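>>> Fold the stuff below for me.
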Amino acid sequence: MDKLGAMKPRFELNDLRDCIGDHLQRDAREITGQLRLVEDLGIDSLGMHALLIDIEEAGGCIPAPEALERVTTVIELYAAVTGSAVP
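Coordinates of the predicted model:
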């Protein structure tokens, strides 16, 4: 809930795919959960930092650094950003 008591929209996997697609200038429909952030998408540490800022601006949360250490795929990043379990 926000300060006015309205429910905030939930950050969904498609929101993350949109952020990654925008960041990489790729069609979000090409971004699947199984893609590896570094090996498949070419996101380096500086790119990850910029992506996390985009994610936060889109309504996601920046995960703790410890959680990010274990992230290798899009779906793992989604789980870290939302605090949910990897499906």
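>>> Tell me which residues of stretch 69-87 come out buried.
Residues of stretch 69-87 classed as buried: 71, 73, 74, 75, 76, 77, 78, 79, 80, 81, 82 (neighbour count, 16 or more other Cβ atoms under 10 Å). Placement of C-beta: from N, CA and C, glycine included.
>>> Run the chain-centre distance for it.
On the basis of Cα atoms, centre = their mean, to the nearest Å, stretch 69-87 sits 8 Å off its chain's mean C-alpha point.
>>> what about that stretch, average pLDDT?
Throughout stretch 69-87, pLDDT has a mean value of 89.
>>> Quick check: which element contains the most centrally placed residue in the chain?
In the chain, the centroid-proximal residue (Cα atoms, centre = their mean) is residue 16; its distance is 4.4 Å. Take DSSP states H and E as the rule and residue 16 turns out to sit in helix 13-24.
>>> again with residue 11
Remark: residue 11 resides in no helix or strand, with elements defined by DSSP H and E.
>>> I'd like to check what contacts the helix or strand containing residue 50. Which residues are they?
With elements taken from DSSP H and E, the one containing residue 50 is helix 45-57. Helix 45-57 has contacts (Cβ atoms under 8 Å, 6 or more residues apart in numbering) with 11, 16, 19, 20, 22, 23, 37, 43, 61, 62, 68, 81.
>>> Neighbours of the fifth one, how many?
Looking back up the chat, that one is residue 22. 13 (other Cβ atoms under 10 Å).
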